Every structure is written in structure tokens, then in C-alpha cells.
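S.K.: With the sequence up front, the predicted model follows.
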Amino acid sequence: MIKRLSLVIQGAVQGVGFRPFIFRLASEMDLKGWIINSSQGVFIEVEGTDVILNRFISRIREEKPGPSFIQSLESKYLDPVGFKAFEIKKSEDKGVKTVIVLPDIATCPDCLNEVFDPKNRRYLYPFTNCTNCGPRYSIIESLPYDRPNTAMKHFSMCEKCQKEYDNPLDRRFHAQPNACPDCGPRVQLWDNKGKVLTEKEEALEMVVQRINNGEVIAIKGLGGFHLVVNAQDIKAVSKLRRRKNRDEKPFALMFPNIESIKFECKVSQNEEQLIHSSESPIVILDKLSSGQSNLAENVAPGNPSLGVMLPYTPLHYVLMQLLGKPIVATSGNLSDEPICIDEIEALDRLKHITDCFLVHNRPIVRQVDDSLVRIVKNRELVLRRSRGYAPLPVMLKTRAVSMLAVGAHQKNCVALNIENRVFISQHIGDLETEEAFNAFEKTISSIKNLYDADIKQIICDAHPEYLSSKYTKDIDTPNIEVQHHFAHMASCIAENEIEGPVLGIIWDGTGYGVDGKIWGGEFIHFSKKRFKRVGSLKNFLLPGGNQAVKEPRRTAVGLLFEMYGKEFTDRQDLKPVTAFQSNELKIILQMLDKNLNAPQTSSMGRLFDGVASILGLKQEISFEGQAAIELEYLAWESKTEVSYQVIVVDNLVQWQDCIFEIIKELNQGQSISLIAHKFHNYLVDIIIYFAKHFGEQKVVLSGGCFQNRLLTEKAIDALEKNGFQPYWHQRIPPNDGGIALGQIFIASLKH
Ligand code: ZN
Ligand code: ZN
Ligand code: FE
């Protein structure tokens, strides 16, 4: 008997060739009916027998286009109405906007072939794309995802492009950013006053020449500007460092192809797949140990790893093909500012950094940075979640009214939920500057508008001084505060879709505790919708507060004061002590002794800093986490299962016993790499101690310290070996980029 099948498909099904796919499938199976895109998802009706209709559903699941993602597929059977053909209906715009906006997708192999085919009309055209690839999130202004709602609305398609766009059997059927050299966006080369030097292919050729000449070029790409120099030119790299005001932080690199990456780095199969994925992130790889390298040493000074990526738009592919060597491709901004997306604004903000601008006239609707990913335990661990990942949702188990979470202070991103879907914004950055705060406000209004969200509640961090927290106080909507480390833990629970009871090992640099102290080395228990701190590092003093974050020697002195009292200043064998002038040390001693501007902390991030300082690795740092990162890399240089003795009193980790041992070994001439490794083992032993003590099967690892691969992998192994079930992050960062998701999760428990 003939029936009418009605389907509602939700997920990432718009702008990925889903409608032409259904059209082809229905034609092949001789099914009549229609398909329509709406802001609620894709609706399909077809008529046929039970058997054929069931086959239709399973073939949709099995054969759907690569980048699409079916989140839900609801079906019901109705009386037939007698369709005569299969048609694709025009989009309609009504109902709750719960459709999923896709991230930007790296150029597909079909498009690449065309771009490098001299006979193709898109030969070397930098804006080539199709339904399987190209810009999405960075060009969409509102839903539904149709050309008039994107940054492509100002370009009207030429006859040939329109034909492709209208033809259901074409790869470019309804490819909203479809364009060609005749009708689409074009590039221009500007000098740093905005004067047009040349355009199109000639501009690309000239850029390549200028890169070879050692110039710094600002290149407008997909989600913002890059600052680019020849990665093999030490002078060019140091010019960029000087102008960008960035001393030592490693630069990300773009390579022409995978072979050139393999010349510099070890690449595992997982890593290679990730480098080639449609997300196309910056992947952190270990440099080859052979020491051979064509790169300038100041690209990532003293760093045994590199952040690398392949080109991900035709613009980058063409440039890299012409250039044939790696470039530094760092965000187009001054340090601490958000990435620049507009060429007029760039002229002002970047003119002192760059020698010229390669720009184009396709507007960027929102900034989308390159994502940063590392493979940990054979899985992805996203450290910065932006291009390729944002704004795909995380699903909660329960529905809640729409809420907006404004995240933390560093690595800020925001999130909102529509029922049980949490949409997490792209990375915004540290809210240190006016530009960053503007980007924060803009992102909030743009994400609210995009999903047409009726926000009933706002959630912020409990830290009263965070700009994000202050922002919520001026808004009428009811707002609540969520403790920082509870939010870290919740983000990991939400991402892994697990339920309590759970023990959380939540270690990071800084977060405001419910007792007003600085937390960061926390053990948290979650069950029955409640988070409770059940242990931590024993507190120590941070002389100078925030200043200690930039000077590991201050933290170290805080530790030494706790261990030796005032007498530590006589210990000339201790590196943190000799790292100060004697008058500086006097002032710091006063801070500690009189408890002036020396807040108490239980921060694990600071304990890492303190150890790095005591080992003589780093006394002052030039970017966040530098000392801890160097300590990890140092530890990788040796191998040992030996540890320091774990002593815990009243659920407080007595770290001073470990530091006494470290100092003793240092004075005995023990290798600092071995000590660094033993320190990591000690931390893993602490995790096992608490896991056994509380006896929960599930153990969650979150917080910025779990960006450390050695610590994370060793902790996972040890937990599994001891019969626990560890959970860690994958698509959501363990650092403060995950806070917004955790905030929503915790607030949703209250509904
Ligand atoms: Zn394509
Ligand atoms: Zn065209
Ligand atoms: Fe944190």
C-alpha cells in the first residue's frame, strides 16, 4: 500500500549539498514528493510503499554528503496525496530557529582540481567553492542559510554560475557563496596606506615576491587577517615579532603540502588525517629529533613542537603553490587584541605591523580564528575552538529555557542554548583590551540574533572583577554566577554526556573560589545536581597577586616562604632567590610576611610555575603558561616511573614535601629533566590517591593544566590501570574556552 512519508531532519544539513543529494536519491528510487529547507531544518515528503520508504530513510543515513551531520530524523506516515514529481521548494522562514549553522569547511578535492586546471574557468580563482566546501559561519548573517542572508548578497551571479546554482544535479546547486572570476569577489594588493597596487592574479604573484623579499604581509582570509612572513627568513620573522610585540610565543605555520610538513615534524596517521580534515585546524606536532630544519629558529624559539596547518581556501592554496615554502601565518592583530576582519579597520590597526595588504571584497561577517588542536591519547583535543568547529552544538540531556553564558576572562567565548542544544561561539580571546571587549559584545548580539534566542537568564563567572561578569550586571535579564572550576568540570561532563556521581580533577591557573581565594588545584565531587569542593592543594601565598602570573620566581618564593619561613632569603642555592635583586627580595619578603598584596592560592598552574622557577627554567615569562609548557617539554626528555611521595592531610595536598625533595635532588646534581618527569608522575599519583579515596568510578579531567599532554596521557593510563573510568576533553577546550558550556550545563540543572 502506498503511503506518504514525512521527514524532519535536523542537524548540519544546510549548505552541504543535502538537497541535491535527496533529489538524486529520490529520482534514483523513483519517489515523488518534495524537499524544503526552513530555519527549523529540512522537511521531506515522499510517497511509496513501506519497504521502499524504509530503504529511503536508511540510504539517507548511509549515503548523506560528507560534511553533513544528522542530529535528529523524525518520521511519520500519512495518507498519500498523489505527488506527480519530485521538486525542491523555495525556503520558508517561520518557526523556532533551531537549525544548525555549519562551520567553515576547507576546500574540497573537486574544487582544488578546478583551481589548478588551466582549462577550467575557475583556474587560480581564490574564491572557488561548492556545496561540499567553502565559507559558512564566517559569511552568514541570518537564517535560513540562503544567499541574500550572507556576505555574498552583493554579488549577483553571472549566467554560468546561476546555471550551476539552479541545477539540482550540479555540485554547486544552491552553493550560497558560489562565484567565479567574472562575477565573484576579487583580491587587491594595497600598500599600507590603502593605495591599490594591483589586483587579481598579479596581486597574488606580487605578494609571493614580497614574501620572498622578507616583507610582512597582512592577508585577508576566511575568518580574518593573517600576518604572513617567509618562515625560513630569520630577519623577516624577527621583524614580525618586533612589530607585533611578541617576544617568544611560537608562531603558527602554513605549509604548501603534507610532504613539507613531514620534512620538519613527526606526523602520525591520526595527525595526518586531522591536518587533511575539513576542519583543517592548526595541529601541534613534535619537531623531528634529527635537528634538520629549513625553518628560521625564531619561529618557535626553544620549542620542540610546531603548530602547523595546510592551506584551507583556494586563496591560500594558490599562494602556497606559487611560493612553495612554509610561511608564518599568525592572527592579524596586536598582541592580546582580537583578530582583524575588515580591510578598512585593518588599515588602521595593522599599518605599523605590515608592509602591504592583500585584501578582498567579500565581507567577513564575524571573526573566526584558526582552531588549535593536539592529538592526545589518539583523539583530538581542541585547545582553541573556532574555524571548522564553531558553532556546532553540544547536546544536553535535558531541555531548558534559553540562557546566555558569557564565559570567563581569558580565551573567552560565549554560549547560548535553544532547548537542549548549546551553541558555543567561536574563540573571542582574552578580554584585556577595548577591542576584545567590543568583539565580545558583538559576538553576543550576533549569536543571539542568529538563533533568534529569547534569553531568560544570563550566567557569568563568580569572579566579580571579570569584565564578562561585570557586563551581566548592567543587563535586566536575571543573572546567576557559577564558580569557575565547577564550570570546567561541568563542561567535561556535558561534552562526554555522562551523569554523576563523578570525581573531578580540575587544575588550572586561576579561578575565583567560593571562599574568595584563588583556586586552581581542585578536587570536586558532583552528584545529584550538586558540585562540591572536596579537596585541593594546600594554600600558598602569591606575592604581588597577578604580577606573580608573569613572574614564576614570585610564585616560587611564595612556596619557599611556606616551607622555610623568612630564612629562605639566605638560601643562595635557590634559583628563585638569586633571580631577584636584594632590594626587590626585601619588598617581596614584606609582602609575604605582612600579608600585603599576597593572596592565598591553591593553584596547580602556579605550582607548575614555581617548580619551573626552582629548576631554573624560567623566572619571567612572555606569554601565558610559558613556564608550565617548558616544564612539560623538559619532562619529555627523560623517562621514568619514579615519583615523589604523596602526602595529603585533610584532603589538602602537602606539596611542600615534594618541593623539599626536588631541592635536595637539585643540590645532589640530579638531571632537571628527570626531576621534571618525576614531578609529573607525582601529580598523577595525587590523582590516583584522590580517586581511590573517594572511590567514584568516573573521574573527569579538566582545566588548563590538562592541555599538558604528558600529564593527561599519564593520568588517563593510571586511572584506567587502577580500574577507574577517565573522561577528558575532545571537541571542547580544557582551558577557559570551555567555561561557557559548563556555565550553561550548571544553570540547566536548576530548571
Ligand atoms: Zn568544493
Ligand atoms: Zn560567475
Ligand atoms: Fe580556568
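M.R.: Okay, I see it. Numbers count the residues shown, from 1 in each chain. Ligands and ions are numbered 1, 2, ... in the order given.

S.K.: Might you name the residue of the stretch 651-751 of the chain sitting closest to ligand 2?
M.R.: Ranked by C-beta to the ion, the top residue of the stretch 651-751 of the chain for proximity to ligand 2 is Arg731, at 35.9 Å. (C-beta placed from N, C-alpha, C; glycine too.)

S.K.: Which pLDDT value goes with that residue?
M.R.: Predicted confidence (pLDDT) at Arg731: the value is 88.

S.K.: Quick check: it vs Glu495, distance?
M.R.: Distance, Arg731 to Glu495, by C-beta to C-beta, to the nearest Å: 7 Å.

S.K.: The two: who's more crowded?
M.R.: Glu495 (25 against 17; other C-beta atoms under 10 Å).

S.K.: do you know how far that one is from ligand 2?
M.R.: The gap separating Glu495 from ligand 2 is 42 Å, by C-beta to the ion, to the nearest Å.

S.K.: isn't that residue right up against Pro733?
M.R.: No. If you go by C-beta atoms under 8 Å, Glu495 and Pro733 don't touch, sitting 10.0 Å apart.

S.K.: interface residues of the stretch 1-150 of the chain facing ligand 3?
M.R.: For the stretch 1-150 of the chain, no residue is in contact with ligand 3 (C-beta under 5 Å from the ion).

S.K.: tell me the pLDDT at whichever residue of the stretch 451-600 of the chain sits closest to ligand 2?
M.R.: At 31.6 Å from ligand 2, Tyr451 is the closest residue in the stretch 451-600 of the chain, using C-beta to the ion. The score at Tyr451 is 92. That number is its pLDDT.

S.K.: Pull the number of nearby residues for it.
M.R.: If we define neighbours as other C-beta under 10 Å, then Tyr451 has 25 of them.

S.K.: list the contacts for Ser446?
M.R.: Counting by C-beta atoms under 8 Å, 6 or more residues apart in numbering, Ser446 touches Val365, Arg366.

S.K.: hang on, it in a helix?
M.R.: Yes. With DSSP: H, G, I helix; E, B strand; the rest coil as the criterion, Ser446 is located in a helix.

S.K.: Now do it against Ile428, distance only.
M.R.: Ser446 is 11 Å from Ile428, by C-beta to C-beta.

S.K.: How about Lys163?
M.R.: For Lys163, the distance to Ile428 - C-beta to C-beta - is 40 Å.

S.K.: before we move on, what about Leu741?
M.R.: From Leu741 to Ile428 the distance is 14 Å (C-beta to C-beta).

S.K.: Can you pick out the residue with more neighbours from these two?
M.R.: Leu741 (31 against 27).

S.K.: and the residue nearest to Ile57 when sequence neighbours are not counted, how many residues sit next to it?
M.R.: Excluding its sequence neighbours, the residue lying closest to Ile57 (C-beta to C-beta, 6 or more residues apart in numbering) is Ser75, at 6.4 Å. Neighbour count of Ser75, defined by other C-beta under 10 Å: 14.

S.K.: next one: Lys163
M.R.: 12.

S.K.: How about the contacts made by the closest residue to it other than its chain neighbours?
M.R.: Leaving aside its sequence neighbours, Lys163 sits nearest to Asp170 (C-beta to C-beta, 6+ apart; 7.7 Å). Counting by C-beta under 8 Å, 6+ apart, Asp170 touches Pro20, Lys163, Glu164.

S.K.: Can you tell me which of those residues comes closest to Arg554?
M.R.: Among the contacts of Asp170, Pro20 lies closest to Arg554 (C-beta to C-beta), at 61.2 Å.

S.K.: what packs against the helix or strand encompassing that closest one?
M.R.: Pro20 belongs to helix 18-28 when assigned by DSSP states H and E. Using 3 or more C-beta pairs under 8 Å, 6 or more residues apart in numbering; DSSP states H and E, the elements in contact with helix 18-28 are strand 32-38, strand 41-49, helix 50-63, strand 86-88.
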